[in-house]
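Enquirer: Pasting the sequence and the predicted coordinates here, then a few questions.
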Amino acid sequence: MSTKESKPNLSHSQVTEVIKKLYGLTVSNIRPLPSYDDQNFYVDSIEGGECLMKVMNSADSQNVTLTELQTHAMNFLNQKGLPTQTALPTLTGQLMSLEELDCGFGKQKYLVRLLTYLHGTTVAKITCGPQILYEIGKMAATLDTILLEMEHTDIRSLERERFIWSLSNIPLLNQYLHVMDGSPVQKIVKAVLEQYDTQIVPKLTLFRKCINHGDLNDHNLLVEPDGPSKYKISGILDFGDMSSGYFIFELAITIMYMMIENPNPVDVGGPVLAGWESVFRLNEAERDSLYLLVLCRFCQSLVLARYTVTQQPENEEYLMITSKTGIRHLCRLWELGKEEVERIWFQSAAQFRQTILDTNRN
């Protein structure tokens with residue numbers, strides 16, 4: 001987990017200087033963009049137009065190989081036609097640079113990248129109807145399927161054994177549970193963690209492996225209007241949580257995040273699942289684990305956000321975005337129970353598939 005000191009806190013003048021030095025660009029406009037534990041800036045330059053400057057926290061900046069791999073994945077997916085950012089080369093042809101900077105905690109090394117700027121509105125800001133939810137499910141499965149083809153000498157570095165955000169590492173949450181003391185939801189979180197051990201762990205060998213984006217949340221997906229009442233995905237952002245995992249993990253994570261701002265959260269699963277299965281059909285073990293894995297992601301999000309607030313109290317508003325509604329959604333899913341939620345999701349997905357078949361026939 002990153003500490004408060006590792007999050008970069010560059011001033012606008014520092015960013016302007018770094019961009020001039022590394023890329024030879026003159027900044028004409030700059031503004032900060034939200035971020036969990038890195039620092040992001042929208043940058044407009046006289047010579048190069050719009051781009052996004054990403055300054056990684058000093059803890060993650062120590063793992064240059066992993067960041068290089070994430071950058072490689074973005075470029076690879078972009079070449080395959082997916083709307084991902086690509087890294088712009090420095091004056092010396094590098095896709096990233098380790099810079100020693102002082103953000104008020106003494107000099108530390110931060111990895112700096114300049115990425116292409118993608119236009120669109122975050123999914124968090126639109127009303128997500130079934131059509132765009134279907135497209136999001138389809139995109140998530142397409143992304144993981146394409147990543148199976150990716151080759152890189154350091155691909156093994158994606159096996160992030162202790163990575164706290166991987167659904168493989170749900171048991172690691174136990175060490176942070178104390179931050180939920182006094183919260184009525186702590187009991188549910190404990191029960192979900194116990195069920196993970198008894199119901200998910202024995203099935204892991206039956207899940208199909210892949211590389212996960214790992215964070216397809218409503219702030220990491222951009223959309224643009226596509227006709228009067230439709231949307232298309234115009235951007236997939238932030239590959240910082242990429243890791244080796246399983247197809248079913250990506251689907252569970254995507255459903256969970258699409259529920260956050262939705263007025264009818266339980267109904268989200270059907271169209272996302274239908275879109276996903278238009279690319280990659282689930283096997284029986286994966287299907288049987290979906291409900292519990294969605295709950296697990298809610299637990300990760302709630303517990304780790306609460307923990308990170310103890311480290312970065314000044315960033316509380318951004319860190320707790322998911323928690324505000326997340327607790328309510330987790331309680332609702334728990335209350336409805338596996339059987340009922342699965343019935344809603346699987347029936348709705350089947351109906352959605354049928355509607356699409358009928359539309360295509362006509």
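Expert: It's in.
Enquirer: Mind naming the longest helix for the protein?
Expert: Identified as the longest helix of the chain according to DSSP state H is helix 284-311.
Enquirer: Point out the other helices and strands that it packs with.
Expert: Secondary structure elements in contact with helix 284-311, counted by 3 or more C-beta pairs under 8 Å, 6 or more residues apart in numbering; DSSP states H and E, are helix 186-195, helix 247-259, helix 269-277, helix 316-319, helix 321-336, helix 338-361. C-betas here are computed from N, CA, C, even on glycine.
Enquirer: Show me what counts as buried in it.
Expert: Neighbour counts over helix 284-311 (16 or more other C-beta atoms under 10 Å) mark 285-309, 311 as buried.
Enquirer: what's the angle from that helix to helix 186-195?
Expert: Relative orientation of helix 284-311 and helix 186-195, computed by axes from the mean of the first three to the mean of the last three C-alpha atoms, to 10 degrees: 140 degrees.
Enquirer: Show me the shaky parts of the stretch 1-150 of the chain.
Expert: By pLDDT under 70, the low-scoring segments of the stretch 1-150 of the chain are 1-5.
Enquirer: As a check, name the ranges of all strands in it.
Expert: 27-33, 39-45, 49-55, 97-102, 107-116, 121-122 (DSSP state E, counting those that start in this stretch).
Enquirer: For those, give me CSV that also has mean neighbour count and distance to residue 251.
Expert: CSV is the format used below for these (neighbours: other C-beta atoms under 10 Å; distance: least, C-beta to C-beta, whole Å):
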stretch, mean neighbour count, distance to residue 251
strand 27-33, 14, 28
strand 39-45, 19, 27
strand 49-55, 20, 27
strand 97-102, 15, 35
strand 107-116, 20, 26
strand 121-122, 16, 20
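Enquirer: Kindly present those as TSV, with separate columns for distance to residue 211.
Expert: Shown next, in TSV, are these (distance: least, C-beta to C-beta, whole Å):
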stretch	distance to residue 211
strand 27-33	26
strand 39-45	23
strand 49-55	20
strand 97-102	24
strand 107-116	20
strand 121-122	24
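Enquirer: per the record, what domains does the protein have?
Expert: Per automatic domain parsing, the structural domains of the chain span 4-116, 121-361.
Enquirer: Residue 41 is in contact with residue 53, correct?
Expert: Yes: assessed by C-beta atoms under 8 Å, residue 53 is found in contact with residue 41 at 4.3 Å.
Enquirer: Now do the shared contacts for those two.
Expert: Shared contacts of residue 53 and residue 41, defined by C-beta atoms under 8 Å, 6 or more residues apart in numbering, are found at residue 15.
Enquirer: Report how many residues lie close to residue 126.
Expert: A count of nearby residues for residue 126, using other C-beta atoms under 10 Å, gives 15.
Enquirer: ok, it - contacts?
Expert: 132, 223, 231.
Enquirer: tell me which of those is nearest to residue 103?
Expert: Closest approach between these and residue 103, by C-beta to C-beta: residue 223, at 33.4 Å.
Enquirer: element containing the closest one?
Expert: Element membership for residue 223 (DSSP states H and E) is strand 221-225.
Enquirer: Run through the neighbouring helices and strands of the helix or strand following that strand.
Expert: Per DSSP H and E, the first helix or strand lying C-terminal to strand 221-225 is strand 231-236. Based on contacts counted as 3+ C-beta pairs under 8 Å, 6+ apart, the elements that strand 231-236 packs against are helix 130-147, strand 221-225.
Enquirer: could you check the angle helix 247-259 makes with the first one?
Expert: Orientation of helix 130-147 against helix 247-259 (the same axes, to 10 degrees) gives an angle of 150 degrees.
Enquirer: Helix 130-147 packs against which elements?
Expert: If contacts are counted by 3+ C-beta pairs under 8 Å, 6+ apart, helix 130-147 sits against helix 64-79, strand 209-212, strand 221-225, strand 231-236, helix 247-259, helix 269-277, helix 338-361.
Enquirer: any low-confidence regions in the stretch 251-362 of the chain?
Expert: Short version for the stretch 251-362 of the chain, where the test is pLDDT under 70: 318-320, 322, 362.
Enquirer: if you set the cut-off to 90 instead, what comes out?
Expert: Applying pLDDT under 90 to the stretch 251-362 of the chain flags the ranges 305-326, 353-362.
Enquirer: Can you tell me the centre-most residue of the protein?
Expert: The centroid of the chain falls nearest to residue 215 when counting by C-alpha atoms, centre = their mean (1.4 Å).
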